[in-house]
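A.B. asks: Fold the following.
(one chain, ligands or ions: 1)
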Amino acid sequence: MFRINIAQRVKELPPYLFKEIDKQKAEAIKAGSDIIDLGVGDPDLPTPNYIIEALSKAAADPTNHQYPSYAGMEAFNKEAALWLKKRFDTDIKSSEVITLIGSKEGIAHTPLAFINPGDIALIPDPGYPVYENSVRFAGGIPFYMPLKKENGFLPDFSAIPENIAGKAKLMFLNYPNNPTSATAEISFFNDLVLYAKKYNIIVCHDAAYTEVYYNGKKPTGFLEAEGAKEVGIEYHSLSKTYNMTGWRIGFAAGGSDIINALGKIKSNVDSGVFQAIQIAGIEALKGGEKYIEELNRIYEKRKRIILDALNSAGIKAYDPKATFYIWFEVPKGYSSAEFVSLLLSKANIVTIPGSGFGKAGEGYARISLTVSEERIKEAALRIKNAKF
Ligand SMILES: *Cc1c(COP(=O)(O)O)cnc(C)c1O
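C.D. replies: Numbering: from 1, shown residues only. The predicted structure is shown next:
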């Protein structure tokens, strides 16, 4: 009989983050419960019309039907560089930009360009699981940097042992942060560059949430730090900014040697993003400012409603300055998984246990604000009435 032998790297993958909660959710739905899913971070609102129109037009143009350049269209990379320059205090040339099939793709391929088997990579804990798994795929060894409340959910570089730092080849970071919703200031990014230079560590900064912010206060980007380009790259995504998660488009910007090495991997794996989507992406970047403000006002309203409910239930939650997540402490006496389970059985609300994002996420859980205000209000009512 034919036997399929699964590779060790697949066998060693941690269980899928949403596996347990998905199972419970499916059972509850089967039993007829009215579930409110505040789990997955996927915007509920549609992509704005001006972007859809640009796609329709570009899709009808036969010159867009052939293989795109794997590095992205010159026009898209140029617009991305321009957008970065306008939005951040940084000077990026289009040759320092590469188009990605969503930032997840670029993140996942980066370790293949820089990690040799046995090399160490510094990974935030809690964090987006792709960082750690892509390091493992490249044969690397993750070293976790706990993001602690007392440090504002920023890593403490001084807590990384000297011999680890000396062996580390790259570091993943993500601010505004998923799942903690923490933001980083320029002083942190400046320290980060100094640290990276000292130990020769490539900084890979995931900036998927820079445009989801509150009170008009725009988060700082890593590329704004002095010398950032020399030591790292930053991944940007159109997914969360313009409600385009299904479209698969993003870009990375930073040091051209780093960008080119990532490009070399990509050129052997994929063939770029459909040009019509890149053309729609150009329009998104050009015309998004007013739209972003409107969208953030919607999240702001939702956020207030949930924060009030958690507050009145005696649950300590962090008021996010950015991202559409609320990170909260599970009440004493429960593990993250136990409390998430309780929320589901008592209130029919799906949340994500912090422990799913790493050991240091234990004791916390994450709420995503990506359902309608009506459902958010209903969820708030249920939280208030649940009496934990
Ligand atoms: C959503 C998300 C991404 C992926 O975004 P895409 O551009 O859609 O691939 C990357 N990093 C974090 C932390 C995210 O939450």
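A.B. asks: which stretches of the stretch 51-200 of the chain form helices?
C.D. replies: 74-87, 103-114, 129-137, 162-167, 186-199 (DSSP state H, counting those that start in this stretch).
A.B. asks: could I get these as a markdown table with mean neighbour count and mean pLDDT?
C.D. replies: From N, CA and C alone the C-beta is placed, and that goes for glycine too. Below are those laid out as a markdown table (neighbours: other CB atoms under 10 Å; pLDDT from 0 to 100):
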| stretch | mean neighbour count | mean pLDDT |
| --- | --- | --- |
| helix 74-87 | 19 | 97 |
| helix 103-114 | 23 | 98 |
| helix 129-137 | 21 | 96 |
| helix 162-167 | 13 | 96 |
| helix 186-199 | 17 | 98 |
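A.B. asks: Quick check: the nearest residue to residue 251 once chain neighbours are set aside vs the ligand, distance?
C.D. replies: Closest residue to residue 251 apart from its sequence neighbours, by CB to CB, 6 or more residues apart in numbering: residue 80 at 4.6 Å. Between residue 80 and the ligand the computed distance is 13 Å (CB to the nearest ligand atom, to the nearest Å).
A.B. asks: List the contacts of residue 80.
C.D. replies: For residue 80, the contact set (CB atoms under 8 Å, 6 or more residues apart in numbering) comprises 94, 97, 99, 236, 251, 253, 285.
A.B. asks: please redo it, this time with the cut-off set to 10 Å
C.D. replies: 72, 92, 94, 96-99, 236, 238, 250-253, 278, 281-282, 285 (CB atoms under 10 Å, 6 or more residues apart in numbering).
A.B. asks: Those: which ones sit near the ligand?
C.D. replies: residue 250 (CB under 6 Å from any ligand atom).
A.B. asks: End to end on stretch 235-254, go ahead and measure it.
C.D. replies: 9 Å (CA to CA, to the nearest Å).
A.B. asks: likewise stretch 54-72?
C.D. replies: End residues of stretch 54-72 are separated by 17 Å (CA to CA).
A.B. asks: can you list the domains in the protein?
C.D. replies: 15-44+290-385, 49-287 (automatic domain parsing).
A.B. asks: Keep only those of the contacts of residue 80 that are in strands.
C.D. replies: Mapping the contacts of residue 80 onto strands (DSSP state E) picks out 97, 98, 99, 236, 250, 251, 252, 253.
A.B. asks: bridging residues for the fifth one?
C.D. replies: Using DSSP bridges, the beta-bridge partners of residue 250 come out as residue 100, residue 237.
A.B. asks: neighbours of it, just the number please.
C.D. replies: Neighbours of residue 250 under the rule other CB atoms under 10 Å: 28.
A.B. asks: and the longest helix for this structure?
C.D. replies: helix 289-312 (DSSP state H).
A.B. asks: The following helix or strand past it near the ligand at all?
C.D. replies: Using DSSP states H and E, the helix or strand that follows helix 289-312 in sequence is strand 325-329. No - residues of strand 325-329 contacting the ligand under CB under 6 Å from any ligand atom: none, with a closest distance of 8.7 Å.
A.B. asks: Quick one: list the elements packing against the following helix or strand past strand 325-329.
C.D. replies: Along the chain past strand 325-329, the next helix or strand (assigned with DSSP H and E) turns out to be helix 336-347. Identification of packing neighbours for helix 336-347 by 3 or more CB pairs under 10 Å, 6 or more residues apart in numbering; DSSP states H and E yields helix 19-30, strand 325-329, strand 349-350, strand 352-353, strand 364-368, helix 373-386.
A.B. asks: again, 7 Å this time
C.D. replies: helix 19-30, strand 352-353, strand 364-368, helix 373-386 (3 or more CB pairs under 7 Å, 6 or more residues apart in numbering; DSSP states H and E).
A.B. asks: Could you list the buried residues of it?
C.D. replies: Of the residues in helix 336-347, 336, 337, 339, 340, 341, 342, 343, 344, 347 count as buried by neighbour count, 16 or more other CB atoms under 10 Å.
A.B. asks: Equivalent analysis for stretch 86-93, please.
C.D. replies: 87, 88, 90, 92.
A.B. asks: for the nearest residue in space to residue 352 that is not next to it in sequence, what are its contacts?
C.D. replies: Nearest residue to residue 352 in three dimensions, chain neighbours excluded: residue 366, at 4.6 Å (CB to CB, 6+ apart). Residues counted as contacts of residue 366 (CB atoms under 7 Å, 6 or more residues apart in numbering) are 179, 325, 327, 351, 352, 354.
A.B. asks: Closest one of the buried residues of stretch 86-93 to residue 35?
C.D. replies: Closest approach to residue 35 among the buried residues of stretch 86-93 (CB to CB): residue 87, at 37.2 Å.
A.B. asks: Which positions in stretch 211-224 come out as buried?
C.D. replies: Buried residues in stretch 211-224 (16+ other CB under 10 Å): 211, 212, 213, 214, 219, 220, 221, 222, 223, 224.
A.B. asks: and what of stretch 269-280?
C.D. replies: Under 16+ other CB under 10 Å, the buried positions of stretch 269-280 are 272, 273, 274, 275, 276, 277, 278, 279, 280.
A.B. asks: out of those residues, which are inside helices?
C.D. replies: 275, 276, 277, 278, 279, 280.
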